[in-house]
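Asker: got a sequence here, can you build the structure:
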Amino acid sequence: MPKVVIIGGGWSGCGAAISAKKAGADVVLLERTDMLLGTGLVGGIMRNNGRYTATEEMIAMGGGELFQVTDRVARHTNIDFPGHKHASLYDVALVEPAVKKVLLDAGIEVHTESRITDVVAEENKILAVITSDGQKYEGDVFVECTGTAGPQGNCTKYGNGCAMCIYRCPSYGPRVSIAAKMGVKEMMAKKADGTYGAMSGSCKLFKESLSKDIVDKLNSTGVAVIPVPEHAKEDSEILTKKACQQYALNEYVENVILLDTGHAKLMTPFFPLNNLRQIPGFENARYEDPYAGNLGNSMRYLAISPRDNYLKTEGVENLFCGGEKAGPLVGHTEAICTGTLAGANAVRWAVGKELVQIPTELAIGDAIAYVKEQMKTEEGISKKYTFSGSFYFERMKKLDLYTIDINEIKDRVDKAGMLNIFNKKIV
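Answerer: Numbers count the residues shown, from 1 in each chain. Now for the predicted structure:
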């Protein structure tokens with residue numbers, strides 16, 4: 001039985017772990033912090049716009065476990081907010097234990113507070129990874145899902161300093177790139193102005209610090225849109241800094257847009273607290289993530305691995321990648337999809353089976369292939385891609401890949417020869 005070691009327990013790492021386990025491998029998942037899911041701990045938005053299509057494609061392909069978890073712990077379903085339709089909002093307080101149970105029940109070995117700091121290699125093949133406390137984990141093949149944010153120095157150099165976000169680098173140590181340790185030259189995404197990185201796109205407010213009217217609105221509908229008085233408005237340039245370009249719309253300057261994920265999710269990278277408290281209903285507002293949401297947010301897309309469309313990292317014999325490591329793909333859905341493919345292909349590589357590429361007739365396959373090509377260009381690396389909006393969603397519509405008809409999606413997956421592909425045992 002091949003052994004797959006997955007580094008990073010965010011959405012992509014969890015997706016990789018499940019698909020590798022179902023393929024028949026012995027799977028170890030190593031997570032730097034005390035909880036799984038990374039930004040998924042404060043995220044919450046699923047199935048909006050083209051993410052609905054991608055979700056149902058992955059379910060039809062047999063990789064639906066994590067989507068089914070978010071559906072089960074959803075606070076609100078089928079909601080609309082500016083620029084987005086038929087979204088689901090999962091409860092950030094319930095999702096992590098539910099996901100961890102799925103992994104443990106599947107027989108996946110999960111180690112939290114296990115930060116990888118070094119690799120043991122023979123030429124361009126990884127033999128083992130080493131944690132900060134000296135533990136050694138050997139494997140036949142490795143999947144890197146370490147993300148592209150942190151350490152604190154990057155947030156200071158490319159952003160507004162450490163905003164004390166959910167990554168918690170000061171407490172659990174900075175992210176270490178496995179690909180970089182192996183000598184791979186990684187890429188850094190750029191913002192529209194040519195500077196490096198992109199800022200996480202939302203903050204979270206302590207819901208009970210808001211007025212009763214706003215809280216009632218959030219609890220009942222999932223969405224609250226509150227006009228911002230002229231004297232409290234933040235510069236619209238803030239939207240160009242966002243990783244989540246699908247929310248870079250004028251409505252997000254003219255209004256405070258809140259979503260109910262358990263927190264009150266504020267759809268802007270940061271908002272000066274003095275300005276925020278001048279808006280009716282926000283007089284007592286307090287940030288929950290990042291704690292310095294008054295000043296900034298985490299900086300991301302600073303360590304993207306070159307990879308092929310099987311999600312094998314170029315330059316290392318036995319390393320695959322998922323999530324943000326695989327390119328400037330933004331979002332939980334995107335991370336689950338890439339992680340699932342990377343985990344399945346890692347097992348295939350380990351036993352000498354032909355690797356799987358998701359056909360471009362499907363939205364997921366097209367996105368993986370398209371982003372790979374875009375990363376090669378100066379213009380392309382300055383954009384962010386997501387099924388839920390902006391450049392890639394427009395492409396989905398143009399190619400007639402976007403639909404919310406589940407039967408149509410299943411038929412497409414079947415015609416592409418991918419039905420239940422991630423439910424098939426390889427070993």
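Asker: show me what contacts T195?
Answerer: The contact partners of T195, taken as CB atoms under 8 Å, 6 or more residues apart in numbering, are Y158. In this view, the C-beta of every residue, glycine as well, is placed from N, C-alpha and C.
Asker: actually, A350.
Answerer: A350 touches P2, K3, V4, A25, D140, V141, N318, counting by CB under 8 Å, 6+ apart.
Asker: can you tell me the closest non-neighbouring residue to it?
Answerer: Counting by CB to CB, 6 or more residues apart in numbering, the nearest residue to A350 once its immediate chain neighbours are dropped is P2, at 3.6 Å.
Asker: what's around that neighbour, how many residues?
Answerer: Residues lying near P2 (other CB atoms under 10 Å) number 21.
Asker: which pLDDT value goes with it?
Answerer: pLDDT recorded at P2 is 97.
Asker: looking at this structure, which helix or strand does the model trust least?
Answerer: Least confident helix or strand of the chain, by mean pLDDT, DSSP states H and E, is helix 251-254 with a mean of 82.
Asker: after it comes which helix or strand?
Answerer: strand 255-260 (DSSP states H and E).
Asker: before we move on, back to that, among the contacts of A350, which pair sits farthest apart?
Answerer: A25 and N318 (12.8 Å; CB to CB).
Asker: who has more neighbours out of these two?
Answerer: A25 (29 against 21).
Asker: distance of the more buried one from V427?
Answerer: Relative to V427, A25 is positioned 6 Å away (CB to CB, to the nearest Å).
Asker: follow-up on the earlier one: including secondary structure and distance to V99, could the contacts of A350 go into JSON lines?
Answerer: Below are the contacts of A350 laid out as JSON lines (DSSP: H, G, I helix; E, B strand; the rest coil; distance: CB to CB, whole Å):
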{"residue": "P2", "secondary structure": "coil", "distance to V99": "24"}
{"residue": "K3", "secondary structure": "strand", "distance to V99": "22"}
{"residue": "V4", "secondary structure": "strand", "distance to V99": "18"}
{"residue": "A25", "secondary structure": "coil", "distance to V99": "19"}
{"residue": "D140", "secondary structure": "coil", "distance to V99": "25"}
{"residue": "V141", "secondary structure": "strand", "distance to V99": "23"}
{"residue": "N318", "secondary structure": "coil", "distance to V99": "26"}
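Asker: for those residues, give me TSV that also has distance to M35.
Answerer: Shown next, in TSV, are the contacts of A350 (distance: CB to CB, whole Å):
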residue	distance to M35
P2	28
K3	24
V4	21
A25	24
D140	28
V141	25
N318	28
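Asker: now, which of the residues you listed sits nearest V256?
Answerer: V4 (43.9 Å).
Asker: tell me the pLDDT of K242.
Answerer: For K242, the predicted pLDDT is 49.
Asker: likewise E234?
Answerer: On the pLDDT scale, E234 gets 62.
Asker: what residues are up against L218?
Answerer: K207, L210, A224, L258, L259, D260, A264.
Asker: farthest-separated two in those?
Answerer: Top of the distance list for these (CB to CB): L210 and L259, 12.9 Å.
Asker: on that earlier part again, of the contacts of L218, closest to K415?
Answerer: Of the contacts of L218, the one sitting nearest to K415 (CB to CB) turns out to be L259, at 35.5 Å.
Asker: confirm L218 sits in a helix?
Answerer: Yes. Checked against DSSP: H, G, I helix; E, B strand; the rest coil, L218 lies within a helix.
Asker: where does pLDDT dip in the stretch 301-427 of the chain?
Answerer: Along the stretch 301-427 of the chain, no part satisfies pLDDT under 70.
Asker: tell me where it has helices.
Answerer: 332-350, 363-374, 390-398, 406-415 (DSSP state H, counting those that start in this stretch).
Asker: residue contacts, the closest residue to M182 other than its chain neighbours?
Answerer: Closest residue in space to M182, ignoring its immediate chain neighbours: V316 at 4.9 Å, by CB to CB, 6+ apart. V316 sits next to N124, K125, I126, A179, M182, V184 when contact means CB under 8 Å, 6+ apart.
Asker: and for T55?
Answerer: M46, R47, G64, F67, T333.
Asker: state the pLDDT value of it.
Answerer: For T55, the model assigns a pLDDT of 98.
Asker: pull the CA coordinates from the strand or helix carrying it and hand them back as CSV.
Answerer: Using DSSP H and E, T55 sits within helix 50-60. Presented in CSV, the C-alpha positions along helix 50-60 are these (Å, rounded to 0.1, in the frame of the first residue of the first chain):
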residue,chain,number,x,y,z
GLY,A,50,-20.2,29.1,-11.0
ARG,A,51,-19.2,27.4,-7.8
TYR,A,52,-22.5,25.7,-7.9
THR,A,53,-21.5,24.1,-11.2
ALA,A,54,-18.1,23.1,-10.0
THR,A,55,-19.5,21.7,-6.8
GLU,A,56,-22.0,19.5,-8.6
GLU,A,57,-19.3,18.4,-11.1
MET,A,58,-17.1,17.2,-8.2
ILE,A,59,-20.0,15.5,-6.6
ALA,A,60,-20.7,13.6,-9.8
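Asker: all set now, cheers.
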